[in-house]
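J.: What follows is a protein structure lacking sequence information:
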């Protein structure tokens, strides 16, 4: 019978802990300002629970400046292993019985020790080789206490960092606590493994460790022991007869499926969490999984397409739809310009060379700079994609995850295509457009009449612009040229359907002339716009 975690409440803060925190803050001279390096050193000095806080924070580039996230990525958890007696105490308290009743063998030396738990190899009574993950006693209360202290210090953090108007530290702490609680509940990791297995059970080259539910509690997790080769150990893989390109492609394709089809993905896909065994890719350590809603999955697909074709408007729409606005009113002109500059940098590259992880990282920065907080799932995805690209560059550097993403999305769209729904939806749009198009000639005529009489008015709201009025004149000229071009195309199309003579190649000459003039005007307009873009 699996025992669930009792509902725990953070205990009152300890005076000694508060003194220790204050002494560390004084040591780092926080009153003179908080720098990325200072923040990392403070977290390291405060201990393993704060290191975990920093590691979670390093994924949130939309709420913390890039330089801080980069520095926090350097954090490493170096924790002294628990004594064997402590491990036994935790397990016997959870099971209410002797270890000898469950295990045939239990290795006293830990395989690894981290801030929340440590891992031991063991053999069950039935001979199954397993890994046992044991939570550190009291870690929940310690972390809860530290979070409470940090919440009380939010005002100081805002002043010291100088980022009070940019970063919502209270929101960040709430997210950190929610994430940490999930990581400290091993039943959650067990559920993640079951869900991952179910979503990938039809893919014969993908798997995850088997969970022994009868021995799993909120503080002890027992899973299958995976013996294999880590994915970045290329020489060992080649020696074992594996094809690195095949592994790289299947690895990337499965991660793309996790993101685009399932909305449930391994958020920390570093090489140590990917094991190759018997021709299968085994994903281990499923404690921290990223999740995307159906809406966010659709928006992510739109963002990949927008990046692929350098569509500024579409990408801006995705960021606004996906994020939550915090702070002052959004400056849409600045947001548009930020996206434009990003796409100019990355959009000029061949699709196969685009580093989608860095582009997503830049998107997160742009969102943060424009007071837009992105969902935690998107933040995790950004970090995950960067990690995946790093692994692929070692295993199979010639493949590119963007190409795999676009190919996967194209295939999925064809698979999901519903002809009847397409006809119903687009037929309705066509009828509406046809109905509205009847008014276009009259509206264009009125617009041209106003232009000729000098009565055309263009209402603009100029926010902080000091451009000369000549720029406005040029813009109006382009609008008028565009309108005239449209009018010529529409009128020429009408004329082309008549029997008016003379004719050129069976088409009324007047219609051909109209098309020709429209082509010249349109070409000139496109040239002037592209020339203007290059001058920016």
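T.: Yep, it's here. Every value quoted in this text rests on a predicted model; they were computed, and no experiment measured them.

J.: CA atoms for contacts and neighbours, from now on please.
T.: OK.

J.: Residue ranges in the stretch 201-350 of the chain under the pLDDT threshold?
T.: 327, 347-350 (pLDDT under 70).

J.: Now do the strands in it.
T.: 206-207, 220-224, 229-230, 264-266, 274-277, 280-283, 289-291, 324-325 (DSSP state E, counting those that start in this stretch).

J.: could you pull out the helices for the stretch 301-450 of the chain?
T.: Remark: helices assigned in the stretch 301-450 of the chain by DSSP state H, counting those that start in this stretch are 312-322, 332-346, 356-369, 376-395, 401-416, 419-437, 440-452.

J.: how long is stretch 98-107 end to end?
T.: 16 Å (C-alpha to C-alpha, to the nearest Å).

J.: Out of the strands of the stretch 201-350 of the chain, the one nearest residue 35 is which?
T.: Smallest distance to residue 35 across the strands of the stretch 201-350 of the chain (C-alpha to C-alpha): 25.8 Å, for strand 324-325.

J.: just checking, what packs against that closest one?
T.: strand 372-373 (3 or more C-alpha pairs under 8 Å, 6 or more residues apart in numbering; DSSP states H and E).

J.: circling back to that earlier point, which stretch in the helices of the stretch 301-450 of the chain is the model least sure about?
T.: Mean pLDDT per stretch puts helix 419-437 lowest among the helices of the stretch 301-450 of the chain, at a mean of 50.

J.: sorry, back to before: output the strands of the stretch 201-350 of the chain in CSV; the columns should cover mean neighbour count and distance to residue 498.
T.: Putting the strands of the stretch 201-350 of the chain into CSV (neighbours: other C-alpha atoms under 10 Å; distance: least, C-alpha to C-alpha, whole Å) gives the following:
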stretch, mean neighbour count, distance to residue 498
strand 206-207, 22, 64
strand 220-224, 23, 78
strand 229-230, 20, 72
strand 264-266, 24, 59
strand 274-277, 21, 68
strand 280-283, 22, 66
strand 289-291, 22, 59
strand 324-325, 15, 55
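
J.: Pipe these into JSON lines and attach distance to residue 358 per row.
T.: Shown next, in JSON lines, are the strands of the stretch 201-350 of the chain (distance: least, C-alpha to C-alpha, whole Å):
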{"stretch": "strand 206-207", "distance to residue 358": "27"}
{"stretch": "strand 220-224", "distance to residue 358": "35"}
{"stretch": "strand 229-230", "distance to residue 358": "25"}
{"stretch": "strand 264-266", "distance to residue 358": "19"}
{"stretch": "strand 274-277", "distance to residue 358": "22"}
{"stretch": "strand 280-283", "distance to residue 358": "24"}
{"stretch": "strand 289-291", "distance to residue 358": "18"}
{"stretch": "strand 324-325", "distance to residue 358": "22"}
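
J.: Nearest to residue 131, out of these?
T.: Across these, closest to residue 131 is strand 220-224 (C-alpha to C-alpha), at 5.4 Å.

J.: what's the closest one packed up against?
T.: Using 3+ C-alpha pairs under 8 Å, 6+ apart: strand 220-224 touches strand 129-135, helix 186-200.

J.: What lies in contact with that strand?
T.: Residues outside strand 220-224 that contact it (C-alpha atoms under 8 Å, 6 or more residues apart in numbering): 91, 94, 128-135, 186-187, 190, 209-213, 215-216.

J.: which of the residues you listed count as buried?
T.: Listed as buried from the contacts of strand 220-224 are 91, 94, 129-135, 186-187, 190, 209-211, 215-216; burial here means 16 or more other C-alpha atoms under 10 Å.

J.: For residue 300, which residues are in contact?
T.: 260, 318.

J.: How about residue 119?
T.: With C-alpha under 8 Å, 6+ apart, residue 119 has these contacts: 110-113, 131-134.

J.: Quick one: residues contacting residue 71.
T.: Contacts for residue 71 (C-alpha under 8 Å, 6+ apart) come out as 36-37, 40, 58.

J.: what's the most distant pair in these?
T.: Maximum distance among the contacts of residue 71 (C-alpha to C-alpha): 12.9 Å, for 37 and 58.

J.: more crowded one of those two?
T.: Taking neighbours as other C-alpha atoms under 10 Å, residue 37 and residue 58 compare with residue 58 leading, 25 against 14.

J.: With adjacent residues omitted, what lies nearest to that one?
T.: residue 69 (4.3 Å; C-alpha to C-alpha, 6 or more residues apart in numbering).

J.: Might you quantify the distance of the host helix or strand of that neighbour from its chain's geometric centre?
T.: Using DSSP states H and E, the element containing residue 69 is helix 66-72. Put simply, helix 66-72 sits 17 Å off its chain's centre (C-alpha atoms, centre = their mean, to the nearest Å).

J.: Then stretch 272-288?
T.: Worked out by C-alpha atoms, centre = their mean, stretch 272-288 lies 21 Å from the chain centre.

J.: do stretch 110-127 as well
T.: Worked out by C-alpha atoms, centre = their mean, stretch 110-127 lies 32 Å from the chain centre.

J.: Domain map for the chain?
T.: As assigned by automatic domain parsing, the chain contains the domains 1-118+139-178, 290-420, 458-535.

J.: Indicate which one of those is closest to residue 225.
T.: Closest approach to residue 225 among the domains of the chain (C-alpha to C-alpha): domain 1-118+139-178, 11.4 Å.

J.: Quick one: mean pLDDT over that closest one.
T.: Rounded mean pLDDT across domain 1-118+139-178 is 75.

J.: any residues in contact with both of residue 37 and residue 58?
T.: In contact with both residue 37 and residue 58: 68, 71, using C-alpha under 8 Å, 6+ apart.

J.: residues near residue 316, how many?
T.: 22.

J.: Now it: closest residue in space that isn't a chain neighbour?
T.: residue 336 is the one closest to residue 316 (C-alpha to C-alpha, 6+ apart), at 6.6 Å.

J.: The one you found and residue 500: what is the separation?
T.: 48 Å.

J.: Tell me which of these two has more neighbours.
T.: Neighbours were counted for residue 336 and for residue 500 using other C-alpha under 10 Å; residue 336 has more, 17 against 13.

J.: Was I right to think the more buried one contacts residue 312?
T.: Yes. Contact criterion C-alpha atoms under 8 Å: residue 336 and residue 312 qualify, at 7.0 Å.

J.: can you list the contacts of residue 71 in TSV and add distance to residue 139 and secondary structure?
T.: Shown next, in TSV, are the contacts of residue 71 (distance: C-alpha to C-alpha, whole Å; DSSP: H, G, I helix; E, B strand; the rest coil):
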residue	distance to residue 139	secondary structure
36	26	helix
37	26	helix
40	21	helix
58	21	coil
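
J.: wait, which of those is closest to residue 325?
T.: For the contacts of residue 71, the nearest to residue 325 is residue 58 (20.8 Å; C-alpha to C-alpha).

J.: can you pull the contacts of that closest one?
T.: So residue 58 contacts 68-73 (C-alpha under 8 Å, 6+ apart).

J.: Out of those, who's the most crowded?
T.: residue 72 (24 neighbours).

J.: Please name the residues that touch that one.
T.: Per C-alpha under 8 Å, 6+ apart, neighbours of residue 72: 36, 39-40, 54-55, 57-58.

J.: Repeat that for residue 517.
T.: Residue 517 neighbours (C-alpha under 8 Å, 6+ apart): 485, 488.

J.: make it 10 Å
T.: When contacts are counted by C-alpha atoms under 10 Å, 6 or more residues apart in numbering, residue 517 touches 484-485, 488-489, 511, 523.

J.: Among the residues you listed, which one has the most neighbours?
T.: Top of the contacts of residue 517 by neighbour count (other C-alpha under 10 Å): residue 511, with 24 neighbours.

J.: That one reaches residue 496, doesn't it?
T.: Yes. Between residue 511 and residue 496 there is a contact under C-alpha atoms under 10 Å: 5.5 Å.

J.: shared neighbours, these two?
T.: In terms of C-alpha under 10 Å, 6+ apart, residue 511 and residue 496 are both contacted by the residues 490, 503.
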